[in-house]
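Asker: next one to model:
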Amino acid sequence: MTWIQKNLPGMAICLCIAILAWFLGSWVPVVGGPVFSILIGMAITSFLKDKAKLQAGITFTSKKILQYAVVLLGFGLNLSVIAKTGLQSLPIIVSTIATSLILAFLLFRLLKLPTNLAILAGVGSSICGGSAIAATAPVIHADDEEVAQSISVIFLFNVIAALIFPTLGGILGLSDYGFGLFAGTAVNDTSSVTAAAASWDAIHGSNTLDTATIVKLTRTLAIIPITLVLALYRARSAKQSGGGSVSLKKIFPWFILFFILASVITTVATSLGAPSSVFSPLKDLSKFFIIWAMAAIGLNTNLVKLVKTGGKPILLGFCCWVGIACVSLLMQHLLHIW
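Answerer: Have a look, this model is predicted:
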C-alpha cells in the first residue's frame, strides 16, 4: 500500500470538516474555525464504527499538518515591527506569561492534573491559545484528547473575554492604548483579540486593533523559548527515567527552526520593500492548516470522556485567565499607563 493510499482517506475526511469549519469560523469569528473543527470531528467520530482505514491519515493530519501550520505561522511575524512597537509591552507580556505558567504549575500539583494537560493549558493561556498548543503538543507528545481538552478550555475563556472585556475596559477607564495592551496580553487567540479590539473601536471610535495585534504577535514569539525548554526538559526526564542518554536530535522541535526562518524571511523581505500583503496567503494557509489538524484531533477524541474529565481543566483555565487579566492591569498601573 502506497503512502497516498494509506493516508488519503483520513486526510480527506479531515479536509472536508476543515472546509466547513473554516466557513463557520468566518461567520462566527468569536468562536473560530479550530473550535468548530474539533466539535464537528467529535460529533462525526461518535457515529463511526470502524476508523481503521481512516486512522493513518487522521494521525498524519493531527501531527504533521499541525507542525506545518506552526511553520507557516512564522510568515505572519515581522520582527522589525515587533521590535519597534511590541517591545514597549514586553514587561507586561513577560509578567502575564510568568503568572500563567506559575499558576498552571501550582494547580497541576494541587488538582493532580495530567502533566501534558497542565502544560498545554498553561502555555495556551499565557502565549497565544491554539497556536501555542499546536507548537507545544508535538514537543511533549501530548495525545489528541489532551489537545482537544486544552483547546476547549482556552476557547471558553476566549469567548467570555471577547464579550466582556470591552465593557470592563470602559468601566475601568482604560485609554485606547491601555485597552490595546490589555486585549493583546489578556486574551489568548488572535480571533478573540481581534473581536475584543474591534468591539472597543466600534464603541469608542478609536484604532486599538493595531496595538492589540502587535502585542499579540510579540507574545507569539514566546513559543520559541517555551518549546526549546520543554524539549530539553523532556530529554533530561527521559535520561533520568531510562538511565541512558537521549538523542537531542530526535526530540528537538525542528519545525520551530523553520518557524524562526519564516519570520526572518518575512522581516528581510519587507525591509527590502516587499509589501506585507505578499505573505497574507501563507498566514491564511497557516490558519487553515490549524483548522485541518483540529478536525483530526476531534476525530480522535472521546466526547463522553472529555465531558466527564472537564471540571479540573476548566478550573485551571479560569485561574490562569483571571490571573493574566489582573497582572496585565496591575502592570499597566505600575508603568503609569492606567
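Asker: immediately after the strand or helix carrying residue 213, which helix or strand?
Answerer: Applying DSSP states H and E as the criterion places residue 213 in helix 209-220. Next helix or strand after helix 209-220 toward the C-terminus (DSSP H and E): helix 223-242.
Asker: quick check: the gap between the spatially most central residue of the chain and residue 123.
Answerer: Note on the chain: the residue nearest the mean C-alpha position is residue 130, at 2.3 Å, using C-alpha atoms, centre = their mean. As judged by C-beta to C-beta, to the nearest Å, residue 130 and residue 123 stand 11 Å apart. The C-beta positions use only the backbone N, C-alpha and C, and glycine is treated the same way.
Asker: try residue 324
Answerer: 12 Å.
Asker: so for the two, which residue has more residues nearby?
Answerer: Higher neighbour count among residue 324 and residue 123: residue 123, with 30 against 25, using other C-beta atoms under 10 Å.
Asker: so who does that one touch?
Answerer: Shown in contact with residue 123 (C-beta atoms under 8 Å, 6 or more residues apart in numbering): 101, 104, 132, 133, 136, 226.
Asker: roughly how far is the host helix or strand of it from the heart of the chain?
Answerer: Using DSSP H and E, residue 123 maps to helix 115-126. Its chain's C-alpha centre and that of helix 115-126 lie 10 Å apart, by C-alpha atoms, centre = their mean, to the nearest Å.
Asker: next secondary structure element downstream of that helix?
Answerer: Next in sequence after helix 115-126, counting helices and strands by DSSP H and E, comes helix 130-140.
Asker: quick one: that next one to helix 115-126, angle?
Answerer: Relative orientation of helix 130-140 and helix 115-126, computed by axes from the mean of the first three to the mean of the last three C-alpha atoms, to 10 degrees: 150 degrees.
Asker: packing partners of helix 130-140?
Answerer: helix 66-73, helix 115-126, helix 144-172, helix 223-242, helix 254-271, helix 280-299 (3 or more C-beta pairs under 8 Å, 6 or more residues apart in numbering; DSSP states H and E).
Asker: avg pLDDT for whichever helix or strand comes after the shortest one?
Answerer: Next along the chain after helix 66-73, taking DSSP H and E as the criterion, comes helix 79-85. Helix 79-85 comes out with an average pLDDT of 76.
Asker: using PDB, list the CA coordinates for helix 79-85.
Answerer: Output in PDB follows, covering the C-alpha atoms of helix 79-85 (Å, rounded to 0.1, in the frame of the first residue of the first chain):
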ATOM      1  CA  LEU A  79      10.400  41.000  13.700                       C
ATOM      2  CA  SER A  80      11.300  44.700  12.900                       C
ATOM      3  CA  VAL A  81       7.700  45.800  13.700                       C
ATOM      4  CA  ILE A  82       7.600  43.700  16.800                       C
ATOM      5  CA  ALA A  83      11.000  45.200  17.900                       C
ATOM      6  CA  LYS A  84       9.800  48.700  17.400                       C
ATOM      7  CA  THR A  85       6.300  48.600  18.900                       C
END
